[in-house]
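Undergrad: Predicted model and sequence follow; I will ask about them next.
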Amino acid sequence: MTVYPLPAAELKGEGMTSQRARDRLAAMLKDSGIRDARVIEVIRNLPRHHFIDQALHSRAYENDALPIGHGQTISQPWVVARMTEALLEHFDARQGMPQKVLEIGTGSGYQAAVLAALVPQLFTVERIEALLRQARRRFRQLGLTNLRSRHDDGKLGWPDEAPFDAIILTAAGDTIPTRILDQLSPTGVLVAPVGSPSRQTLIRMRGDGQGDFIQEELGPVSFVPLLGGIG
């Protein structure tokens, strides 16, 4: 597992952003049903306050979605943990790890940073340029070198780098875009919220190696809509 470099002094936090606050968050995740110790440890070490506006730093380690501008949010830590865990579970059953992962919807960069601590190669696409610029700055400050980002329409995926062992979407559409599903390895896994704004479900689609996908429902969630185009 990739280990984060020691955060710079300004990223370590104090008070409501201290390591003690992160430890409480990690304990909450475990108590709330997150079982993967790797995921919990990454979230315990990652400075979530680094991914939000300073005015919201006191709420960084609460289990809440928070605004990041442009009508977008940073997801609840529990949701980030559950999606990451759901992705890894597919490979644990095969006694392996995903080598190449695609994220659709970089947003603040938080989910991407969690994934980049766990997999060798992480590719992330964001349609809003201003958010991507901020996320890239955060990635550099954290020393993440196994992550590539792209400003593009997320519904297009990243076809030049396909196929991917795993794909994760951090915005909800009525269905999974075919162009994204086509970029998944035949034995890969996709984790995404699907549904209308009033009723969304987290799903996991597992490739059977024969061209078919087995779909599972993992529970209700609430995400911003999956939009096309760039901004």
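TA: That came through, no problem.
Undergrad: Excluding chain neighbours, what is closest to Gly173?
TA: Distance criterion CB to CB, 6 or more residues apart in numbering; nearest residue to Gly173, sequence neighbours excluded, is Leu226 at 3.8 Å. All C-beta atoms are positioned from the backbone trio N, CA, C, and that covers glycine.
Undergrad: is it true that that neighbour touches Thr175?
TA: No. Taking CB atoms under 8 Å as the definition, Leu226 is not a contact partner of Thr175, at 9.6 Å.
Undergrad: Between those two, which is the more surrounded one?
TA: Leu226 (23 against 10; other CB atoms under 10 Å).
Undergrad: Any figure for the gap between that one and Glu216?
TA: In this view, Leu226 and Glu216 are 20 Å apart by CB to CB, to the nearest Å.
Undergrad: Over to Ala37?
TA: According to CB to CB, Ala37 stands 22 Å off from Glu216.
Undergrad: number of nearby residues for Arg59?
TA: By other CB under 10 Å, the residues close to Arg59 number 14.
Undergrad: Quick one: residues contacting it.
TA: Counting by CB atoms under 8 Å, 6 or more residues apart in numbering, Arg59 touches Met16, Leu66.
Undergrad: Residues in contact with the longest helix along the chain: which ones?
TA: For the chain, the helix with the greatest residue count under DSSP state H is helix 77-92. The contact list for helix 77-92, computed with CB under 8 Å, 6+ apart, reads 25, 28-29, 32, 34-36, 38-40, 43, 48, 61, 63, 65, 97-98, 101, 110-111, 114-115, 118, 165-166, 168, 170, 188-189, 191, 202, 204, 206, 218-219, 221.
Undergrad: tell me the contacts of the residue nearest to Gly173?
TA: So Leu226 contacts Ile104, Gly105, Gly154, Lys155, Leu169, Ala171, Ala172, Gly173, Pro177 (CB under 8 Å, 6+ apart).
Undergrad: Among those residues, name the ones in strands.
TA: Counted as lying in strands by DSSP state E, out of these, are Ile104, Leu169.
Undergrad: His57: which of the contacts of Leu226 is nearest?
TA: Nearest to His57 among those: Gly105, at 23.0 Å, using CB to CB.
Undergrad: And that closest one, its phi and psi?
TA: Torsion angles at Gly105 (phi, psi; degrees, to the nearest 10) stand at phi 100, psi 80.
Undergrad: Name the single longest strand found in the chain.
TA: strand 184-196.
Undergrad: what angle sits between it and helix 77-92?
TA: 150 degrees (axes from the mean of the first three to the mean of the last three CA atoms, to 10 degrees).
Undergrad: Can you work out which other helices and strands pack against the following helix or strand past strand 184-196?
TA: Note on strand 184-196: by DSSP states H and E, the next helix or strand toward the C-terminus is strand 199-207. Secondary-structure packing of strand 199-207 (3 or more CB pairs under 8 Å, 6 or more residues apart in numbering; DSSP states H and E): helix 77-92, strand 184-196, strand 213-221.
Undergrad: Would you mind measuring from Gln76 to Leu156?
TA: Gln76 is 27 Å from Leu156, by CB to CB.
Undergrad: nope, Ala112 is what I was after
TA: 18 Å.
Undergrad: ditto for Gln210
TA: 26 Å.
Undergrad: which of those two has more neighbours?
TA: Between Gln210 and Leu156, counted using other CB under 10 Å, the more crowded position is Leu156 (17 against 8).
Undergrad: now that one: how far from Ala172?
TA: To Ala172, Leu156 is 17 Å away according to CB to CB.
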